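> here's a sequence, model it:
(one chain, ligands or ions: 1)
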Amino acid sequence: MKRRTFLSKAIKTGIAGSVISQFPVFNIISKPLKSEKGLGIALVGLGNYATHQLAPALQQTVNCYLAGIVTGKYDKPDEWVEKYQIDDKNVYDYTNIDNVGNNKDIDVVYIVLPNALHAEYTIRGAQAGKHVICEKPMATSAEDCKKMVDSCKKAGKELAIGYRLHYDPYNLEMMRLGQNKVYGKVSQINAGFAFHLRNKEAWRLDKKMAGGGPLMDVGIYALQGSIYTLGMLPKKLKATNTTVDKDFYTDIEGTLEWEMDFGSGIKSNCYTSYEDGYNYLKAHAEEGEFEISPAYSYDGLAGKTPKGPMNFGPFNQQAAQMDAFAKHVLEGKENLVPGEMGWRDMFIIDRIYESAETGREISLKGIPHVLQKV
Ligand code: NDP
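Presented below is the predicted three-dimensional model:
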């Protein structure tokens with residue numbers, strides 16, 4: 001009854017959001033899910049990614065566990081509470097999330113909301129005294145990213161971005177081969193990530209909510225892949241909006257291409273789209289090519305090098321990512337995906353849009369200097 005009461009309040013205040021998601025019938029898990037030792041994580045926004053990837057991954061983590069949830073939908077908590085044995089007092093909505101500061105079960109809030117809400121909830125989480133993991137893209141502008149970094153610093157709280165591929169063995173292998181010049185110097189990267197999205201109701205097609213189109217959603221992986229394979233930051237870029245169906249993709253780009261110049265003749269050609277389907281990261285080195293494709297999926301990744309196929313077997317990227325953040329908070333281990341990295345990527349994305357709009361080449365002078373080195 002108690003939960004129903006506060007949730008009906010949430011509906012009346014109109015914070016329930018407009019998205020209606022389809023959820024599978026949950027199976028009840030009987031094993032105890034809480035660890036006294038790990039960090040308690042509260043998922044903020046119980047949409048597709050939280051439901052189908054993060055919550056299941058939190059059953060495989062060893063340094064953290066699912067302690068709480070924050071949702072605007074009245075019908076969601078009961079299933080979650082039952083399935084994941086979440087304490088009633090650890091269920092919040094968007095109006096009372098600031099009270100999470102008084103809850104000792106929750107150490108981290110994990111923001112899994114539409115992009116335009118990342119900045120507000122990251123800042124509220126930190127101000128409430130909690131560490132924050134924020135999904136990609138970190139925000140909808142580099143300016144907001146900077147505010148988020150500053151707020152977490154001011155509150156003395158750690159901040160990480162949900163960049164799961166920084167822990168994935170195939171992507172780590174691309175970093176190792178490229179950064180260590182295993183097949184000689186890499187002179188060219190080709191990276192692309194696209195999928196078909198034609199649902200006009202989706203917040204991803206609403207610029208106010210998404211901040212942009214496929215670049216914000218999946219193109220960011222091509223941008224990241226280029227940077228971590230080379231272990232370098234780009235110096236300038238040029239972008240072109242190559243949207244095919246301009247009548248449909250009116251608010252955001254449908255397709256975008258951009259070239260990043262890393263100096264010394266090293267370039268990356270990147271592609272992203274909601275009008276096509278591809279998923280690859282390819283490096284051209286002096287002694288041959290190495291690549292992964294699919295490169296950015298949750299599983300089923302595959303790769304090849306001049307010496308043969310890559311084979312790392314199954315791996316839970318999200319569990320590794322969240323466990324690593326917990327180790328960072330608990331033991332001071334390095335945070336491979338700090339807020340500054342999300343800020344760096346939005347700095348680049350802002351300039352990709354500027355270039356696509358103006359047709360000009362844009363300098364990346366002043367880019368936040370953050371790199372994952374292997
Ligand atoms: P969904 O639309 O499936 O879920 C978003 C959730 O946010 C909703 O279910 C809802 O949860 C909550 N919400 C609150 N206010 C609103 C609103 N006004 N409109 C819509 N939803 C609202 O999105 P995804 O789960 O696919 O994506 C969420 C975030 O995660 C995005 O930033 C995305 O980029 C990122 N993501 C990252 C991935 C990765 O691989 N790292 C993969 C997929 C997504 P509730 O009803 O509980 O309030």
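
> name the element the closest residue to the ligand within the stretch 251-374 of the chain belongs to?
Of all residues in the stretch 251-374 of the chain, Y298 sits closest to the ligand, at 7.0 Å by CB to the nearest ligand atom. For every residue, glycine as well, the C-beta is placed using N, CA and C. Using DSSP states H and E, Y298 sits in no helix or strand.

> go ahead and confirm it touches P56.
No. Contact criterion CB atoms under 8 Å: Y298 and P56 do not qualify, at 10.5 Å.

> tell me the phi and psi of the residue of the stretch 251-374 of the chain closest to the ligand?
Per-residue torsions, Y298: phi -70, psi -30 (degrees, to the nearest 10).

> what residues does the stretch 51-200 of the chain have near the ligand?
Counting by CB under 6 Å from any ligand atom, the stretch 51-200 of the chain comes close to the ligand at 71-73, 76, 112-115, 135-136, 162, 164.

> quick check on the residue nearest to K89 when sequence neighbours are not counted: phi, psi?
The shortest distance from K89 to any non-neighbouring residue, by CB to CB, 6 or more residues apart in numbering, is to N103 (7.0 Å). When read as degrees, to the nearest 10, the backbone of N103 gives phi -100, psi 110.

> count the residues that sit near the residue of the stretch 1-150 of the chain found nearest the ligand.
Taking CB to the nearest ligand atom, the ligand has its nearest neighbour within the stretch 1-150 of the chain at G47, 1.7 Å off. By the measure other CB atoms under 10 Å, the count of residues near G47 is 19.

> distance of it from D144?
Computed with CB to CB, to the nearest Å, the distance linking G47 and D144 is 21 Å.

> also I348?
15 Å.

> repeat that for L177.
34 Å.

> run through the residues of the stretch 201-350 of the chain sitting next to the ligand.
For the stretch 201-350 of the chain, the residues in contact with the ligand (CB under 6 Å from any ligand atom) are 203, 217.

> which residue is the nearest non-sequential neighbour of whichever residue of the stretch 201-350 of the chain sits closest to the ligand?
In the stretch 201-350 of the chain, no residue comes nearer to the ligand than W203, which is 4.9 Å away by CB to the nearest ligand atom. In this structure, W203 finds its nearest non-sequential neighbour in M209, 4.0 Å apart by CB to CB, 6+ apart.

> got the contact list for that neighbour?
Contacts for M209 were tallied using CB atoms under 8 Å, 6 or more residues apart in numbering; they are 114-117, 203.

> with adjacent residues omitted, what lies nearest to the residue in the stretch 151-300 of the chain that the ligand sits nearest to?
At 4.4 Å from the ligand, G162 is the closest residue in the stretch 151-300 of the chain, using CB to the nearest ligand atom. Computed as CB to CB, 6+ apart, the closest residue to G162 that is not its neighbour in sequence is E135, at 4.4 Å.

> burial count for the one you found?
Per other CB under 10 Å, the neighbour tally for E135 reads 23.

> that one and A285: what is the separation?
In this structure, E135 and A285 are 32 Å apart, going by CB to CB.

> could you do R351 as well?
For R351 relative to A285 (CB to CB), the value is 27 Å.

> with G366 instead?
For G366 relative to A285 (CB to CB), the value is 30 Å.

> for Y296, phi and psi?
phi -120, psi 10.

> ok, it - contacts?
165, 193, 218, 221, 225, 279, 281.

> buried by neighbour count, from those: which ones?
For the contacts of Y296, a neighbour count by 16 or more other CB atoms under 10 Å gives the buried set as 165, 193, 218, 221, 225, 279, 281.

> mind listing which of those are in helices?
221, 225 (DSSP state H).
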